[in-house]
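Asks: Sequence and computational prediction follow.
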Amino acid sequence: MTILAVIVSSCKHNPDSSHNNSSVSLDIDSIMKRGKLVAVTDFNSTNYFLYKGEPMGFHYELLRAFTEHLGIDLEIITENHLEHAFNFLNTGEADLIAIGLTISSSRKKEISFTKPILETRQVLVQRKPRSWRSMTEESLGRHLVRNQLDLAGKTVYVQERSIHFDRLQTLADEIGDTINIIAVPYETEDLIKNVAKGEIDYTVCDENIAMVNATYYPEIDINTPVSFPRNIAWGVRKNNSGKLLNELNSWIDSYRKTSSYALLYAKYFRNSRSNTIVKSDYYSLITGKISRWDDLIKNTSEDIGWDWRLLASLICQESRFDPDVESWAGAYGLMQIMPKTGEKFGIDITSSPFNNMKAGALYIESLQSIFKDKIPDENERMKFILASYNAGPGHVLDAMKLTGKNGMDPRKWDGNVAVWLLKKSEPAYYNDTVVKNGYFRGIESVNFVTEILDRYEHYKNMIPVADRHLAQTQGK
C-alpha cells in the first residue's frame, strides 16, 4: 500500500473564523473509490518528523494504521497554521484534519470531531532555578508557581489563536485577577525552548507535548496544571461527515484498546529515547539534514539534474545511508551498484562513497538517455527511471511493449506499465514474442518506485530544496 505523507500539530485555532463550505461533498465511499485519504497536518517533535531519513510521529503512525485498516493510500498536506488547515478541509482539498485538536464547543460549530485520540491537560511551563539539581522537591516547589492563584500579575506567552489563550482568559476570570496573556505567532515548542533559554518566564501547552520537551530541556518544570483533562481528536467536515466519521469512530474505539496503540503512545510520550532523537544531527526538523552524506548527495544530484531530496530517498531505499552495505547479489555501497556496472564506467565502486555515488549517477544518466524520448512527461519518466534502476531497463522496456500490445498506455506507469511488469512473472507473458528479457518478478521494482516517491514527499514536506530550479524540474 502506498503511503504518500502525513503530519500533525498542536492545538491552535481562531474560534471566530468561519470556513464552512456546504457545496463540498465527499465521504468515505468517494474516498475509497479514489483510493486515498488526504489528511492535513503540521509537524513537531512528537506528531510528524524525519529521523535518519525516515518519517516518524504519533499522528503519522496513527494515520498510517487507519489507512492500512481501510486498505487505501495516505496523502498529506502540511500546514502549520490551523486556520489554513480548516480551509483545506472545508474546501474539499483535505478529508481530515489530523491534528491534536482539543475538543471545544466553539470548534464544534465548524467541524465534526472524531472520538478522542487521547486525553491530556494543559500545564504551565516554567524554568527551574539555577540550583535546582541540589534542591529537594519541597524547596524547588517554593521557587515555582504551584498554585494557579499565583499566576496573578504574571506574563504568560502562548501561541496565538490557541486553546491555551482561551484557557488562560478563563483562569484569570476564575482567580479574579489579571494574567498578562501575550499571544505570539510561534509554535508551542518554540515557546518552550524560549522558556528553557530564559527568554520568557512562562508558557502553556498540552501535557503530552510538555512531557516530550522536558526530556531534552531538563531545566523546565511542567508539573503545574492549569486545566482539567481535555479530549484530543481529529476533525472532518460537518456537511458530509456521516460515513467517514462513523468509520473513524469505529476504528478509534477498537484501536485504542489494542497493545499497538499502547506501544505507540509509549513510544512517543513516555520514551526517554526521544532526547537522543531530538539532539541528533539527523533530526531533520531542527537541522534540515537527512544523512551525513547530504553534501555529496547535493553535488551528485546537480550532475544528473535531480532534486537532491529525490536522490536521498533513493539512497535511503537502497542502503539506509550505509556506505559499506553489500547485498546478497553483490550490489555495494550507498547506491547499491553492481560491480559490473562500476567496471562499465571504469570505477571501483568499493573504493569510496564518492566513487560509488559517481557510478550511480552515471548509471542514472544512462537510464535517462534511454527514456528521454520514449516518455515525454517528466514526472512519468522519473517512475520508469526508478523502476529501471531496480529492475534493469530491459525488463521495463519489455513491460512497455506488453502494455502497448494489450491496449494500454506504454508511456504511463501507474495502472499501465506497472501492471505489465508484475505480469512478467507469468509464463503467458514472459514467453510473449515481444518480450526479450524473459521472466521477471516485478513486485519489488513496483514497490521500489512507490516507496522512493512516497519518502520523497515526506522530504519535500520538511527539508528545504537546495536549488529552486531543480525543485521545479521535479514538478514540485
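Replies: In hand now; what should we look at? Numbering: from 1, shown residues only.
Asks: can I see the domain layout of the protein?
Replies: Using automatic domain parsing, the domains assigned to the chain come out as 28-118+232-284, 122-228, 294-473.
Asks: JSON lines please, covering these and showing mean pLDDT and mean neighbour count.
Replies: From N, CA and C alone the C-beta is placed, and that goes for glycine too. Output for the domains of the chain, formatted as JSON lines (pLDDT from 0 to 100; neighbours: other C-beta atoms under 10 Å):
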{"stretch": "domain 28-118+232-284", "mean pLDDT": "87", "mean neighbour count": "19"}
{"stretch": "domain 122-228", "mean pLDDT": "93", "mean neighbour count": "18"}
{"stretch": "domain 294-473", "mean pLDDT": "92", "mean neighbour count": "18"}
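Asks: And the helices in the stretch 51-200 of the chain?
Replies: For the stretch 51-200 of the chain, helices defined by DSSP state H, counting those that start in this stretch occupy the ranges 58-70, 82-90, 105-108, 137-143, 163-175, 188-197.
Asks: and the fourth one, what does it pack onto?
Replies: When you say that, I think you mean helix 137-143. Packed against helix 137-143, as judged by 3 or more C-beta pairs under 8 Å, 6 or more residues apart in numbering; DSSP states H and E, are no other helices or strands.
Asks: Tell me the backbone dihedrals of Thr373, please.
Replies: Residue 373: Asp, not Thr. Here is the backbone geometry of Asp373 (degrees, to the nearest 10): phi -90, psi -20.
Asks: For Gly288, give its distance to His458.
Replies: Distance, Gly288 to His458, using C-beta to C-beta, to the nearest Å: 14 Å.
Asks: do the same with Gly404
Replies: Going from Gly404 to His458 by C-beta to C-beta gives 34 Å.
Asks: do Tyr363 as well
Replies: Going from Tyr363 to His458 by C-beta to C-beta gives 25 Å.
Asks: With Ile347 instead?
Replies: Using C-beta to C-beta, Ile347 is found at 31 Å from His458.
Asks: How about the contacts made by Leu263?
Replies: Taking C-beta atoms under 8 Å, 6 or more residues apart in numbering, we find Leu263 in contact with no residue.
Asks: quick one, what contacts Lys243?
Replies: Listed by C-beta under 8 Å, 6+ apart, the contact set of Lys243 reads 27-29.
Asks: what secondary structure does it sit in?
Replies: Of the three states, Lys243 takes helix under DSSP: H, G, I helix; E, B strand; the rest coil.
Asks: One more: the one 4 residues further on?
Replies: Following three-state DSSP, Glu247 is assigned to helix.
Asks: and the residue lying closest to Met56 once chain neighbours are set aside, what element?
Replies: Of all residues not flanking Met56 in the chain, Phe49 sits nearest, at 5.9 Å (C-beta to C-beta, 6 or more residues apart in numbering). Using DSSP states H and E, Phe49 falls within strand 49-51.
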